[in-house]
Each structure stands twice: as C-alpha cells, then as structure tokens.
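Engineer: Test case, fold it:
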Amino acid sequence: MNRPKTRRVAAIDGRGQFVLIEEPVPQPGRGEVLAENRASLISPGTELGGVKGRRANPDPDAPPRRFGYSSAGVVLEAGKGCEDLPPGTELACMGDGYALHSDYVVVPRNLTVPKPPEISFEEAAFAHLAATALHAVRRADVRIGENFLVVGLGVLGQLAVQLGRIAGAHVAAMDLLPMRRELAARGGADLVLDPRDEPVEQVRRFTRGYGLDCGLIAFGGDATEAVELVSRMMKVAPDTHRMGRLAIVGGAQFQASGWPVAVGNMDIRPSSRPGPGYHDEAWEHGRDYPAVFVQWTTRRNMEEALRFAAEGRLDLEILITHRLPLGDFAEGAEALVSSPGAALGVVLRP
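Structural biologist: Numbering: from 1, shown residues only. Presented below is the predicted three-dimensional model:
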C-alpha cells in the first residue's frame, strides 16, 4: 500500500475539551516501526487526569495535547534495525507519545510485542496497563496462599485482581463504585468490599484472623485514608507492629499521621511504570539489558501479560464497556470523566 501522509490524533485542548486533530504521519527512524492502528485503549486515570483542571482553569491559547499510550495494529513499514518486523506483522504497542489514539503510530521496537493469534486487537491494546499491573503485583511480591487486597478498581486494579489470582493468592478488592466491584467479582476476586461498609472486620474474617500479607493501591490522588485503612488490615506481630507489603502504583499520594511509626514495619513500595526500560530511549529503540540480570523488562511484562490472556487466564474482554470509532472518541473519553460508575474500558477502532 502507499504510505499514508496524514493521520488523525485524539487530543485535549486548553479548555479541557476533546478534539481530533490532523497531522503528518512521522517517518519511522532507526529502531522504530510504522503501524496502522486496529485498536487503542483509553486509560481513564493517567491520560484524562488533567481534564477537570483544564476545564476549571481554561487556557484557550494552549496547544492541544495529544494522548494515548496503548494500542495494537499491523506494521506498514519497518525502520532500520527492525527487519524482523516486516509489513503485516501484528503487534501490541505501548508508550506515551508513541501508541497514540490515532490511525497510524510510530513506535520503538522494544515497546512492541507480537500479538498472540488467540486474542483480538482490542485485547492486545491492554498491553501497557496489563504490563504495569503485572509489575505492580511483582513489587507487592504476591505469593501463593497469601491474602492480597487491591484498592481502586479501575482498569489497572481489575488487572491486578486477576493477576493476584494467577499468582495463587486469596484476593480481596475494594472500590466505591458498584460497577467496578461487580467486575472484580467476575474477574475472580474472592471478596469485594465497599470502603464504607466495615471493611476491616470483613477482611479479618476473610483472612481467618491472619490479616493481609500484601496490598496494592491502584488509583491516583489523595490515598491517605486508603493507606491508613489498609494498615489496619495488615497482619500484626506480637509486639503490635503492622507487617506486610503495600505497593502503590500511579499518582497516589499520602501523609499518614505519625508516619512512619503509624504503619509499623509495613513495607511501602512504589511501583513505577510497566517495568525496567520504559523511558530509556536507547533500550526502547533496541539496546536490550542482559536478561540474566534484568529479567522482567517492560517488554517481557507485556509478553507475559498477553500470554496469560492468550491462555485464557487473564480475561480482558470483560473490562471493555465501550467500543467506538476513533472519530467518536470524545464520547468515550467524556464518559470516563463524567460517568466513572458506568464506563471503564473504552476501546477505539480507527
């Protein structure tokens, strides 16, 4: 086919409104591929978190901000160093500024993985968030037979619930929104909790008095109450110190009263990004790390997450609430901002 000259890209303008812009299609450089998108997934947290702020303090002169970082498609053209990814190769793609909500994307080779034939392009478009969830579950060091709680059941939290089950843990899931709790139950959560309904006592019974071994906070914003609540659910040593591991992913912030004494010996572990390599430009474009020293890179996490999906162990389909053409992306994005109780996985099809 002839190389496309222009592409449509989803963006947010200075007033916080969703707009579709048109721009030239970039030329793939060394270590990059040009792909035709077949699906992309809107992340309701990271991508749309600044919309309300822009609407509250509009700047009409600010240029539109393109967004999107998780997509799947078919290679149209391979740059130098990507000869093993010929035209026609089906890929899952990720990366802020690369895997945009667009007709066509240019993505570094190590931010792509082959799409398993057993899954759809829509499912493959979850790769970025699935890899981030997998990295977070590893940071929490979830082990077989342990009691694990996920707080915040957006797309990433839902994926963490399922991955916790794959790891062999007894999984509890907590969120304010009924729809998200229902999805977590469908995804395999053993216990779903409303934080307003005496969750500490429910967790005590669920863990048979042992308390939580580990937890994950999977939402952005002020997490002070969540951290304090989770600390009350953790296992307790004879000297009254709270024990266990709590991973925090995304932009959550907290200021626990009496910190750090208030949380005892509980380990709090930030979980940044989908794994090592992301935002290392040399790595992204093909210079890999020695696998014997850095086993779980971003790319390996993408591969493993999609392998779980291909094997039927990770159910991505149940997380899709909206399917829309790219031209109607504003409808889906607005639903995520204005109606979070009714929208979750919004997939765009160019």
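Engineer: just for the stretch 51-200 of the chain, where's the confidence low?
Structural biologist: Within the stretch 51-200 of the chain, not a single segment meets pLDDT under 70.
Engineer: Which parts of it are strands?
Structural biologist: 65-66, 70-78, 90-94, 104-108, 112-114, 147-151, 170-174, 191-193 (DSSP state E, counting those that start in this stretch).
Engineer: quick one, which of these is nearest to Gln202?
Structural biologist: Smallest distance to Gln202 across the strands of the stretch 51-200 of the chain (Cβ to Cβ): 6.0 Å, for strand 191-193. C-betas here are computed from N, CA, C, even on glycine.
Engineer: same for the closest one, what does it pack against?
Structural biologist: Strand 191-193 sits against strand 170-174, helix 178-186, helix 199-206, with contacts defined as 3 or more Cβ pairs under 8 Å, 6 or more residues apart in numbering; DSSP states H and E.
Engineer: between the longest one and strand 147-151, how many degrees?
Structural biologist: In this case it means helix 178-186. 150 degrees (axes from the mean of the first three to the mean of the last three Cα atoms, to 10 degrees).
Engineer: elements contacting helix 178-186?
Structural biologist: For helix 178-186, the packing partners by 3+ Cβ pairs under 8 Å, 6+ apart come out as helix 155-166, strand 170-174, strand 191-193.
Engineer: residues in contact with the second one?
Structural biologist: This points to strand 170-174. 145-153, 157, 161, 164-165, 181, 184-185, 188-195, 199, 203, 206-207, 212 (Cβ atoms under 8 Å, 6 or more residues apart in numbering).
Engineer: could you flag which of those residues are buried?
Structural biologist: 146-153, 157, 161, 164-165, 181, 184, 188-193, 199, 203, 206-207, 212 (16 or more other Cβ atoms under 10 Å).
Engineer: picking that back up, for the strands of the stretch 51-200 of the chain, give me JSON lines that also has distance to Ala136.
Structural biologist: Putting the strands of the stretch 51-200 of the chain into JSON lines (distance: least, Cβ to Cβ, whole Å) gives the following:
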{"stretch": "strand 65-66", "distance to Ala136": "26"}
{"stretch": "strand 70-78", "distance to Ala136": "16"}
{"stretch": "strand 90-94", "distance to Ala136": "15"}
{"stretch": "strand 104-108", "distance to Ala136": "23"}
{"stretch": "strand 112-114", "distance to Ala136": "19"}
{"stretch": "strand 147-151", "distance to Ala136": "9"}
{"stretch": "strand 170-174", "distance to Ala136": "14"}
{"stretch": "strand 191-193", "distance to Ala136": "19"}
